[in-house]
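# A predicted structure for the sequence below; I have some questions about it.
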Amino acid sequence: MKNCLNHAFCWYLLLILSVTLSGCGGKANAVEGTVIAEFEWKGKHQITLEEMMQEISELPEYKQTQYSETKEGLEEYMTLMAESRLILMMAKEQDLDQDGKIQKKVQEYLHELMVEKITGIEVEQKVKPTESDFKAYYEANKSEYVSPEQVRVTCVAVSNKETAEKALTEIHQDGRDITEIAKELSEKGELEGPGSDPNSPGDTGFFSRDSFSGVVKPFVDLAFDLQIGEINKEIIEVDVQGTEYYMIFRKEEYQEERQKPYEEVKDDVSYAAEEKLREDLTKAWLEGLKQKAAVQVFADRIDLPSTEEELEDTTDTNEDSAITAPESDEPDSVDEE
């Protein structure tokens with residue numbers, strides 16, 4: 001039994017518990033079908049192959065796959081059924097099915113399932129957008145599918161100022177290529193920040209003005225301002241959480257802002273369009289339901305203290321109550337606790 005006290009067991013136990021405690025009862029003492037498990041607990045109880053397969057067929061699809069496609073899966077589910085029913089019998093003997101907290105949780109779970117079911121009927125079954133719906137959504141929300149202007153630089157970023165100054169001198173006075181220096185520092189483990197990927201030392205990849213936090217704004221602004229192939233003449237210093245970083249970089253490429261075509265963002269569009277349709281259907285359904293039921297709300301009847309005077313009055317009342325309250329027979333230490 002120890003091997004079954006896992007997530008799957010807890011899931012199954014909760015499922016069968018909700019059915020049992022809500023008055024539907026279990027399926028003990030089965031008399032028809034192929035018996036695959038049985039146990040003695042104030043009488044013989046049996047589980048049949050047929051009822052197990054029926055239960056599995058009612059599970060979510062991924063659970064059906066987990067339990068029905070292999071003999072091991074079927075054996076696991078069979079064990080779960082036997083163990084959970086035995087435990088439930090023990091629980092019922094202790095009147096846990098009458099426990100208020102448990103009944104409340106079962107009721108909450110039942111309500112959740114009911115809401116999920118009715119929402120599925122009234123909304124989910126109607127969420128069937130077409131290709132034309134996707135394209136219409138894309139046209140109406142084109143601004144959400146714009147790639148901002150971006151740059152790519154080769155960057156040497158280190159936390160040692162002397163290393164940065166040496167690299168700047170080698171680049172501008174000795175004519176060393178910044179890519180070589182980036183590779184060299186990467187091999188030493190000294191390259192940090194943008195461009196520190198050891199697989200492509202110095203290469204930051206494309207980034208936009210919003211790709212980094214504001215603390216490296218001087219680096220980002222200059223990266224956009226430089227000409228292609230240009231290297232900053234002075235080291236850029238930035239403070240990141242109390243650590244100073246020193247940056248030298250060469251602008252490699254620039255991409256202007258562009259509108260992403262539909263085919264490029266089709267997956268994102270279809271997801272967003274479906275969510276929007278679901279939201280609209282849900283809203284329309286709830287509005288219609290509220291109209292049909294003549295729902296009214298009375299916000300003016302919700303009254304909270306809104307001024308300092310009202311708050312003070314409430315405080316004074318509480319203080320008066322405390323003053324006039326009879327003294328407790330309990331020792332002071334109890335009040336302190």
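Perfect, thanks for sending it.
# count of neighbours near residue 154?
Residue 154 sits with 22 neighbouring residues when counted by other CB atoms under 10 Å. (C-beta placed from N, C-alpha, C; glycine too.)
# cool, and residue 227?
Residue 227, neighbours per other CB under 10 Å, totals 7.
# residue ranges of the strands in the stretch 151-300 of the chain, please?
Ranges of strands within the stretch 151-300 of the chain are 203-207, 236-240, 243-255, 258-259, based on DSSP state E, counting those that start in this stretch.
# return the most buried member of those strands.
Neighbour counts averaged per stretch over the strands of the stretch 151-300 of the chain are highest for strand 243-255, at a mean of 19; criterion: mean count of other CB atoms under 10 Å.
# give me the angle between it and strand 236-240.
Here strand 243-255 runs at an angle of 120 degrees relative to strand 236-240 (axes from the mean of the first three to the mean of the last three CA atoms, to 10 degrees).
# just checking, what packs against strand 243-255?
strand 150-158, helix 161-172, helix 178-187, strand 203-207, helix 217-225, strand 236-240 (3 or more CB pairs under 8 Å, 6 or more residues apart in numbering; DSSP states H and E).
# hmm, back to that, dump the strands of the stretch 151-300 of the chain into a markdown table; add distance to residue 99 as well.
A markdown table is the format used below for these (distance: least, CB to CB, whole Å):
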| stretch | distance to residue 99 |
| --- | --- |
| strand 203-207 | 58 |
| strand 236-240 | 55 |
| strand 243-255 | 56 |
| strand 258-259 | 61 |
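# buried residues, the longest helix along the chain. List them.
Using DSSP state H to assign secondary structure, the helix with the most residues in the chain is helix 266-292. Counting neighbours by 16 or more other CB atoms under 10 Å, one finds that the buried residues in helix 266-292 are 269-270, 272-274, 277-278, 281-282.
# so for it, mean pLDDT?
When pLDDT is averaged over helix 266-292, the result is 93.
# tell me what that helix is packed against?
The helices and strands touching helix 266-292, judged by 3+ CB pairs under 8 Å, 6+ apart, are helix 100-122, helix 131-140.
# now render the ones you listed as JSON lines, adding mean pLDDT.
Rendered in JSON lines, the data for these read as follows (pLDDT from 0 to 100):
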{"stretch": "helix 100-122", "mean pLDDT": "87"}
{"stretch": "helix 131-140", "mean pLDDT": "96"}
